[in-house]
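K.L.:
Give me a 3D structure for the following:
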Amino acid sequence: MAKKKDKNHLPDNMGMFKKQAFEEGMKHLDSEQLKMMKELGINSFDDLMGVLAFTGINMDKFIDSIQKDEEFPETDEEFRKRFFDDDWEDEDDDFDDDDDWDDDDEFDSDDDDEFDSDDDDDDSEDDDDWDDDDEDITCVLHDTKPQEFHLRVKLNNAPVPVWREMKVPSNLSLEAFAFLLQDIMGWHHEHLHQFIQKDVHYVCPRDLEYSKQSLFPQRHIDHDANKFHLGNVFQEKGDRIVFEYDFGNSWYHDIWLKGVRDYEEGEQPKARLLKGKGACPPEDCGGVWGYANLLELASQKRKSADEKERLEWYGIDQHFDPNFFDQEEEEYFIEEVWEDLMSLDKELRQEK
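P.N.:
Presented below is the predicted three-dimensional model:
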């Protein structure tokens, strides 16, 4: 990639702007686009600028437009005409999708029928939290003697306090803990996730493959979350790690070790929810800032029809209490989740 001219860089005092611009842009991407961003190693505004320059965009025009706070073109054609160099503008004019495929007999209805049953099977598997993509998951690392970890997890920068305390075995894999943690917090397993500890990220195997194929250097090291357990990241009381859920909304959770206890002889290790506070925010609402905006909107006495519809979309009505937490119900739910997790662990060990 060619080195960009100095004038293409935003000044140092624009650091906050770059962060906000990148986070705002990520909110409008769907799951497939976010996966592509992850694959390309795009984790910051500067990374994104590098990719845009690589695709042929005229960075002088693009940065000038950002600094002048100009409205961006609404269509791809208008965007290309404004920001791409002249030799890129007509590159796709020679291609007519309809003409290219009208007489192509390689993909006819008979061929499509061969895949119908497989597609149906895939649809049903997608509904499961644990599917074929996770067939290599490790629930518990049994070659490690477990201890009982007392952990506290807090949703960072939330407009109301949202936290949980739990006890879990130290030999639980980080990927299995991510699954359990989403249930403990109240998330719906709809988005990508990772654990972050300094310059090391623990990710699921699929995301690890994306990072290996990245065209751009990363500022962190990725590890397979299946091959590391809680005891690898929590060495002593007070140790911390960050859990990020949904790379678009970026829900960051601080997790720290409050205490360690040896299991008594014959005691069966298990996960237990101890206490908590605060309801889990709605999925895809724009992160902590979007959630704060929804709560502020809900507190208003007068609301427009659009505002009421927006609140209804996110499941927030006059009965919604952001501080609500049903301790008894959540304890029972986590017991069921743990039993399912141990059943899966047993099945995986038998298969091996």
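
K.L.:
Other residues contacting stretch 266-273?
P.N.:
Here stretch 266-273 makes contact (C-beta atoms under 8 Å, 6 or more residues apart in numbering) with 146, 148, 164-169, 171-172, 180, 184, 263, 327, 330-331, 334-335, 337-338, 341. Every C-beta, even on glycine, is put in place using the N, C-alpha and C of the backbone.

K.L.:
Separate out the buried members of those residues.
P.N.:
The neighbour-count test (16 or more other C-beta atoms under 10 Å) applied to the contacts of stretch 266-273 identifies 146, 148, 164-169, 171-172, 180, 184, 330, 334, 337-338, 341 as buried.

K.L.:
Kindly provide the distance from Glu331 to Glu165.
P.N.:
According to C-beta to C-beta, to the nearest Å, Glu331 stands 12 Å off from Glu165.

K.L.:
looking at it, His229 is touching Glu175, isn't it?
P.N.:
No - His229 is not in contact with Glu175 according to C-beta atoms under 8 Å; the separation is 9.8 Å.

K.L.:
May I ask you to name the longest strand in this structure?
P.N.:
Ranked by residue count under DSSP state E, the longest strand found in the chain is strand 251-262.

K.L.:
other SSEs contacting that one?
P.N.:
Counting contacts by 3 or more C-beta pairs under 8 Å, 6 or more residues apart in numbering; DSSP states H and E, strand 251-262 packs against strand 147-155, helix 174-185, strand 240-245.

K.L.:
What residues sit buried inside the shortest one?
P.N.:
The neighbour-count criterion (16+ other C-beta under 10 Å) identifies 241, 243-245 as the buried residues of strand 240-245.

K.L.:
Would you agree Met185 is in contact with Val153?
P.N.:
Yes - judged on C-beta under 8 Å, Met185 makes contact with Val153 at a distance of 7.0 Å.

K.L.:
Which neighbours do the two have in common?
P.N.:
Residues touching both Met185 and Val153 by C-beta under 8 Å, 6+ apart: 164, 253.

K.L.:
Quickly note the distance from Val233 to Leu172.
P.N.:
The spacing between Val233 and Leu172, counted by C-beta to C-beta, is 11 Å.

K.L.:
Can you name the residues in contact with the longest strand of the chain?
P.N.:
Residues from elsewhere that reach strand 251-262, judged by C-beta under 8 Å, 6+ apart: 147-157, 165, 170, 181, 185, 187, 234, 236-245, 281, 287-288.

K.L.:
downstream neighbour of it in the secondary structure list?
P.N.:
Counting by DSSP states H and E, the element after strand 251-262 in chain order, helix or strand, is strand 272-277.

K.L.:
Flag every buried residue along that following strand.
P.N.:
Judged by neighbour count using 16+ other C-beta under 10 Å, the buried positions of strand 272-277 are 273, 276.

K.L.:
which helix in this protein runs the most residues?
P.N.:
Ranked by residue count and defined by DSSP state H, the top helix of the chain is helix 327-351.

K.L.:
Could you list every helix and strand in contact with it?
P.N.:
So helix 327-351, by 3+ C-beta pairs under 8 Å, 6+ apart, packs with helix 174-185, strand 272-277.
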